[in-house]
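J.: Provided below for reference: sequence and predicted model.
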Amino acid sequence: MSEQQIERRKRALSCIQPTGTPTLGNYLGALRNWVAMQEEMDCCFAVADLHAITVRQEPAKLRQQTKEMFALLLAIGLDPEKNVIFVQSQVPQHTELAWLLACNTQFGELSRMTQFKDKSQKHADNINLGLFAYPTLMAADILLYQPDYVPVGADQKQHCELSRDIAGRFNNLYGNTFVVPEPYIMKAGARVRSLQDPTKKMSKSDENQNSFISLKDDKDTILRKFKRAVTDSEAVVRYADGKDGINNLMEIYAAVTGKSYEEIEREFDGRGYGDFKVAVGEAVAAELVPVQERFDALLKDKAYLEEMMKKGAETASRIGARTLAKAKKKMGFLL
Ligand code: ATP
Ligand code: LTN
């Protein structure tokens, strides 16, 4: 047998929070890459509902959004036969490992997380322990499945690095237990920005609906939101410092069409922002509309969704239990 045949298939894991309908940022930065990865790797994908409650959630809404996010993962083309797709809270090993890891994570490390700083500013009335410990639960999500790669958008790099540090420290202290995973960040679409304030990332929890494209927006809404996107007054489609709005639209257009910035500049040479915005809107709509059609059909099939959720949780739990037992044994717990 050749060396290549002996080598095990690479593994990947990632999660998304059910905190609202995903945006074009989630799609280009994360979801779309997951679909591509499923062909090459053994993948686990989860709806991180336990992470969602670090910010106050209304129970009925959380329940609905969790179902919808699960359906959406299937609608974008993730195959539940090829991947382990599940809801985080249905796999109890996540919270158990999170505690073991929390006791191996330093206060100083967590204090440096920019997401914690941002979110505690945004939710100043609810700076809870879970929000602070968020990265240790994320490390548990990851390390339970021994992945080689964690495909995320650029904003999650810091959390992934911390997961690596926690895994490395644990392995040093207690002996080899976890694979030390690498963040997997695609260049195109890694940091899609708000259409209303291109210095900020596009976020599904933004109060201004015009700042993001939701995966549920219909074609007219998509075209309208791009038309209203904030740009500069130069009226030349080119990628350059100080043109955050146009740079963002070019990044989106490049990510969706696969064109380079030079090609885009040539395509819109001598044409204004109006034409360009319509082209970006059309390209995005062409990508999203088929996903929406599959999503609507899936949501109607409750029995299928429930069956897939159950199957995903069972498989995840089987894999997770193995890693958890290994970690507990190494730390000195009686099994
Ligand atoms: P929230 O706004 O509720 O904090 P979020 O959209 O920032 O949520 P998640 O739902 O957890 O965060 O993100 C899921 C994935 O989408 C992650 O891999 C994240 O890096 C990626 N992502 C989020 N926003 C963007 C963006 N603007 N551009 C590219 N990728 C993004
Ligand atoms: N924090 C992530 C969501 C998330 C995640 C994970 C991503 C929770 N657990 C494990 C990758 C791996 C975010 O995107 N905001």
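T.: Sure, I can see it. Residues are numbered from 1 along each chain as shown. Ligands and ions are numbered 1, 2, ... in the order given.
J.: correct me, but V180 touches R169?
T.: No - V180 is beyond contact range of R169, at 10.2 Å (criterion: Cβ atoms under 8 Å). Using the backbone N, CA and C atoms, a C-beta is placed for each residue, glycine as well.
J.: how about the strands in the stretch 201-335 of the chain?
T.: Secondary structure of the stretch 201-335 of the chain (DSSP state E, counting those that start in this stretch): no strands present.
J.: meant to ask about the stretch 51-200 of the chain
T.: So, for the stretch 51-200 of the chain - with DSSP E, counting those that start in this stretch - the strands run 84-87, 149-151, 182-184.
J.: possible to save those as TSV with mean neighbour count, distance to ligand 2 and mean pLDDT?
T.: Compiled in TSV, the strands of the stretch 51-200 of the chain are given as follows (neighbours: other Cβ atoms under 10 Å; distance: least, Cβ to the nearest ligand atom, whole Å; pLDDT from 0 to 100):
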stretch	mean neighbour count	distance to ligand 2	mean pLDDT
strand 84-87	24	12	98
strand 149-151	23	5	96
strand 182-184	18	9	95
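J.: which of those strands sits closest to S211?
T.: strand 149-151 (24.4 Å; Cβ to Cβ).
J.: which other helices and strands contact that closest one?
T.: Using 3 or more Cβ pairs under 8 Å, 6 or more residues apart in numbering; DSSP states H and E as the contact test, the elements touching strand 149-151 are strand 11-16, helix 32-37, strand 182-184.
J.: which of the ones you listed is buried the deepest?
T.: strand 11-16 (a mean of 23; mean count of other Cβ atoms under 10 Å).
J.: show me the contacts for the closest residue to ligand 1 within the stretch 51-200 of the chain.
T.: The minimum distance from the stretch 51-200 of the chain to ligand 1, using Cβ to the nearest ligand atom, falls at G153 (2.4 Å). Neighbour list for G153: G25, N26, G29, A30, I185, G189, A190, R191, V192, K201 [criterion: Cβ atoms under 8 Å, 6 or more residues apart in numbering].
J.: try it again at 6 Å.
T.: G29, A30, A190 (Cβ atoms under 6 Å, 6 or more residues apart in numbering).
J.: of these - the most surrounded one?
T.: Counting neighbours by other Cβ atoms under 10 Å, the top entry in these is G29, with 27 neighbours.
J.: and that residue, that's in a helix?
T.: Yes - looking at G29 with DSSP: H, G, I helix; E, B strand; the rest coil, it is inside a helix.
J.: tell me which of the strands of the stretch 51-200 of the chain sits nearest to F295.
T.: Nearest of these (Cβ to Cβ): strand 84-87, 14.5 Å.
J.: any weak-confidence spans in the protein?
T.: Low-confidence segments of the chain (pLDDT under 70): 1-6.
J.: can we see that at 80?
T.: Along the chain, segments meeting pLDDT under 80 span 1-7, 187-188.
J.: looking at it, which helix is longest?
T.: helix 302-331 (DSSP state H).
J.: tell me which residues of it come out buried.
T.: 305, 308-309, 312-313, 315-317, 319-320, 323-324, 326-328, 330 (16 or more other Cβ atoms under 10 Å).
J.: got it, and stretch 210-227?
T.: Applying 16+ other Cβ under 10 Å to stretch 210-227 flags S211, F212, I213, S214, L215, D217, T221, I222, L223, K225, F226 as buried.
J.: so what touches it?
T.: Here stretch 210-227 has contacts from 21-24, 194-196, 202, 206, 228, 277, 280-281, 284-285, using Cβ under 6 Å, 6+ apart.
J.: ok, now which ones touch M309?
T.: Counted by Cβ under 6 Å, 6+ apart, M309 has contacts F70, V87.
J.: circling back: make a markdown table from the strands of the stretch 51-200 of the chain and add distance to D42 to it.
T.: Compiled in a markdown table, those are given as follows (distance: least, Cβ to Cβ, whole Å):
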| stretch | distance to D42 |
| --- | --- |
| strand 84-87 | 8 |
| strand 149-151 | 11 |
| strand 182-184 | 14 |
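J.: which members of the buried residues of stretch 210-227 are positioned in helices?
T.: T221, I222, L223, K225, F226.
J.: may I ask which two of those are separated the most?
T.: The farthest-apart pair in these, when distances are taken by Cβ to Cβ, is T221 and F226, at 9.8 Å.
J.: up against ligand 1, what does the stretch 101-250 of the chain have?
T.: Applying Cβ under 6 Å from any ligand atom, one finds that the stretch 101-250 of the chain approaches ligand 1 through V152, G153, D155, Q156, A190, R191, V192, K201, M202, S203, K204, S205.
J.: cool, thanks, signing off.
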